[in-house]
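Participant: fold the following for me, if possible:
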Amino acid sequence: MPAAPVLTLRPGRERSLKRRHPWIFSGAVKRLPHDLVPGDVVAVRSADGEFLAWAWANPASQIVGRVLSFDEGEAIDAEFIAGRITAAATRRADLASRTDAARLVFSESDGLPGVIADRYGDVVVLELTTAGADGVRHELAEALMALPGVSTVYDRSDADVRKREGLAPRTGLLAGAEPPELVEITEDDHRFLVDVRRGHKTGFYLDQRESGGGRSARRGPSGPQHLLLHRCVQRDRGGGRNFVTSSASTRVDRRWSSPAGTWS
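Facilitator: Numbers count the residues shown, from 1 in each chain. Below is the predicted model:
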């Protein structure tokens, strides 16, 4: 196996990495290979040659290196990707008792910089914001499809932040079956319809669960209970989830489903 390309730091710039900071800014870099492809895995070394970390590198970004592992003996390959996905999903397993929607992978927090994976029932939506993550999208999709109950991996890598990595927007099916027009999810006694193709972010504010107001049940409009289309709660970043409870008489009120995220 050929040796990995080396990213060499300027003298004294290794201190943050030794404190386990996951980013390497351009000003800290002394030398990079001229033929480096954005997203390549590099061995990060101090000015005196000491190994510090494995990282995804992108010379086009202000954040030139994004750390994957501080273990020199760890191979960064498809098995590594699968292991990180499995470990991240396992950490969220206790959420299954109250919801079938959760953020499975949260970027650096789970050792996969630039990888967001949100699960909605049997559909997983990927948002990839770094060159390294974008380069292993098929390995990520394969690992996510191996999780119990997953039938679809859909790519929603269309955030503006990709421009800083020199990446164009990318959306579409990555693996499995095409997702339905709207995916129904549950959280406690609430039910929601999520548009994973066109909804804001990956379709829902899964990272705003605890700021949504505690999930106290509140009535929607008078009459039958309503099943809320998520496109209507984009304005309040998830707090609007508390407006609706569900029952056997649930119906969808499309007056509340403006794609622009406004009440109609």
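Participant: how about E184, what does it touch?
Facilitator: Taking CB atoms under 8 Å, 6 or more residues apart in numbering as the contact definition, E184 lies against G121, R191, F192, L193, V194, L227. Placement of C-beta: from N, CA and C, glycine included.
Participant: so what strands line up beside the helix or strand that contains L68?
Facilitator: Assigned by DSSP states H and E, L68 falls within strand 63-69. If you go by DSSP bridges, strand 63-69 pairs up with strand 23-25 (antiparallel), strand 51-57 (antiparallel).
Participant: so which residues of the stretch 101-250 of the chain form strands?
Facilitator: For the stretch 101-250 of the chain, the strands identified by DSSP state E, counting those that start in this stretch occupy 101-106, 115-120, 123-128, 152-157, 170-176, 183-187, 190-194, 226-229, in order along the chain.
Participant: state the mean pLDDT of the longest one.
Facilitator: In this model, strand 170-176 has an average pLDDT of 97.
Participant: now that strand, how far from the chain's geometric center?
Facilitator: Taking CA atoms, centre = their mean, to the nearest Å, one finds the center of strand 170-176 at 14 Å from the center of the full chain.
Participant: in the chain, which residue is closest to the centre?
Facilitator: In the chain, the C-alpha closest to the average C-alpha coordinate belongs to I116, at a distance of 0.5 Å (CA atoms, centre = their mean).
Participant: any stretches of the stretch 1-150 of the chain with poor pLDDT?
Facilitator: Counting by pLDDT under 70, the low-confidence segments of the stretch 1-150 of the chain come to 1.
Participant: my guess is I24 contacts L17. True?
Facilitator: Yes: the pair I24 / L17 is scored as a contact, 7.2 Å apart, by CB atoms under 8 Å.
Participant: what do the two both touch?
Facilitator: For the pair I24 and L17, residues contacting each of them under the criterion CB under 8 Å, 6+ apart are L9, V44, V67.
Participant: what's around A175, how many residues?
Facilitator: Residues within reach of A175, counting by other CB atoms under 10 Å, total 19.
Participant: next: A43.
Facilitator: With other CB under 10 Å as criterion, A43 counts 18.
Participant: please apply the same query to A4.
Facilitator: Residue crowding around A4 was assessed by other CB under 10 Å; the count is 14.
Participant: and for D160?
Facilitator: So D160, with other CB under 10 Å, has 8 neighbours.
Participant: ok, now which ones touch the closest residue to the residue nearest to the centre of the chain other than its chain neighbours?
Facilitator: Nearest-residue entry for I116: E127, 4.1 Å, with adjacent residues in sequence omitted and distances by CB to CB, 6 or more residues apart in numbering. When contacts are counted by CB under 8 Å, 6+ apart, E127 touches I116, A117, D118, R156, S157, D158, A159, K201, T202.
Participant: and what of E178?
Facilitator: With CB under 8 Å, 6+ apart as the criterion, the residues that contact E178 are T152.
Participant: 10 Å instead, please
Facilitator: Each residue near E178 by CB atoms under 10 Å, 6 or more residues apart in numbering is listed here: V123, T152, Y154, G172, R197.
Participant: I'd say the first one and E181 touch.
Facilitator: No: in this structure V123 lies outside contact range of E181 using CB atoms under 10 Å: 11.7 Å.
Participant: more crowded one of the two?
Facilitator: More neighbours sit around V123 than around the other of V123 and E181, counting by other CB under 10 Å; the figures are 24 against 10.
Participant: re the thing from before, the more surrounded of I24 and L17?
Facilitator: Here I24 and L17 are set side by side on neighbour count (other CB under 10 Å), and the busier one is I24, at 25 against 21.
Participant: of the strands paired with strand 63-69, give the one that comes closest to G111.
Facilitator: strand 51-57 (10.6 Å; CB to CB).
Participant: list the buried ones in the closest one?
Facilitator: For strand 51-57, burial by neighbour count (16 or more other CB atoms under 10 Å) applies to L52, A53, W54, A55, W56, A57.
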